[in-house]
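K.L.:
From the sequence below, what's the structure:
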Amino acid sequence: MEDLSLHVLDIAENAVAAGATKVDIRVTEDEKENLLTIEIADDGKGMDREAVKKATDPFFTTRKGGRVGLGLSLLSQAARECDGQFEITSQAERGTAVRAAFKRSHIDRKPLGDMAQTLATLTAGHPQVRFTYAYRSGVVAYSLDTDELRARRSSKNNDP
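P.N.:
Just a heads-up that it's a prediction; the model follows:
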């Protein structure tokens with residue numbers, strides 16, 4: 001994957017496939033600490049302790065039918081290649097949280113990419129899922145909550 005937004009798309013799609021009704025995506029750029037951090041948390045079916053241990057193995061999958069997923073493995077590798085860290089926490093029937101931190105100035109760090117397109121793809125493809133997105137870099141911050149967008153659209157359609 002050429003940019004980090006595609007990793008986010010892949011992991012969020014996996015969350016939806018795991019039954020998530022809510023997916024939170026957070027991106028933080030910290031110049032002082034020289035970090036770019038991406039966090040994705042969902043309320044899907046989660047994984048047991050053994051599955052979490054194996055989740056970054058490219059040949060491991062919890063899916064039926066033998067299709068393996070490379071998303072977590074590739075994101076983990078991308079973080080490690082940039083002197084970063086990667087962690088997964090999960091509880092069966094409670095959801096999963098993925099955190100990848102990258103040395104922001106590292107020459108091998110992939111660009112963040114087109115997060116707007118990633119969010120548009122997710123929301124258009126899964127209108128039943130609540131996606132939240134928060135971005136922060138220094139004093140700049142913005143957020144998106146698809147439930148708020150749906151509520152605004154609904155109230156607009158109900159105006160006389």
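
K.L.:
What count of nearby residues applies to the residue nearest to residue 71 when sequence neighbours are not counted?
P.N.:
Closest residue to residue 71 apart from its sequence neighbours, by CB to CB, 6 or more residues apart in numbering: residue 10 at 3.9 Å. Placement of C-beta: from N, CA and C, glycine included. Residues contacting residue 10 under the criterion other CB atoms under 10 Å number 19.

K.L.:
do residue 83 as well
P.N.:
Per other CB under 10 Å, the neighbour tally for residue 83 reads 14.

K.L.:
need the contact list for it.
P.N.:
102-103, 106 (CB atoms under 8 Å, 6 or more residues apart in numbering).

K.L.:
Make a markdown table from these and add distance to residue 130 and pLDDT to it.
P.N.:
Output for the contacts of residue 83, formatted as a markdown table (distance: CB to CB, whole Å; pLDDT from 0 to 100):
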| residue | distance to residue 130 | pLDDT |
| --- | --- | --- |
| 102 | 27 | 97 |
| 103 | 32 | 97 |
| 106 | 33 | 97 |
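
K.L.:
In this structure, which helix is the longest?
P.N.:
helix 4-17 (DSSP state H).

K.L.:
Please point out which parts of that helix sit buried.
P.N.:
Across helix 4-17, burial judged by 16 or more other CB atoms under 10 Å covers 4-16.

K.L.:
Tabulate the CA atom coordinates of that helix in CSV.
P.N.:
Extracted C-alpha coordinates of helix 4-17, given in CSV (Å, rounded to 0.1, in the frame of the first residue of the first chain):
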residue,chain,number,x,y,z
LEU,A,4,-1.4,5.2,5.2
SER,A,5,-5.0,6.1,4.3
LEU,A,6,-5.2,2.8,2.4
HIS,A,7,-4.1,0.9,5.5
VAL,A,8,-6.9,2.7,7.4
LEU,A,9,-9.4,1.8,4.7
ASP,A,10,-8.4,-1.9,4.9
ILE,A,11,-8.5,-2.1,8.7
ALA,A,12,-11.9,-0.3,8.9
GLU,A,13,-13.3,-2.6,6.2
ASN,A,14,-12.2,-5.6,8.3
ALA,A,15,-13.9,-4.1,11.3
VAL,A,16,-17.1,-3.8,9.4
ALA,A,17,-16.7,-7.4,8.2
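
K.L.:
what packs against that helix?
P.N.:
strand 22-30, strand 35-42, helix 71-80, strand 95-103, helix 115-125 (3 or more CB pairs under 8 Å, 6 or more residues apart in numbering; DSSP states H and E).
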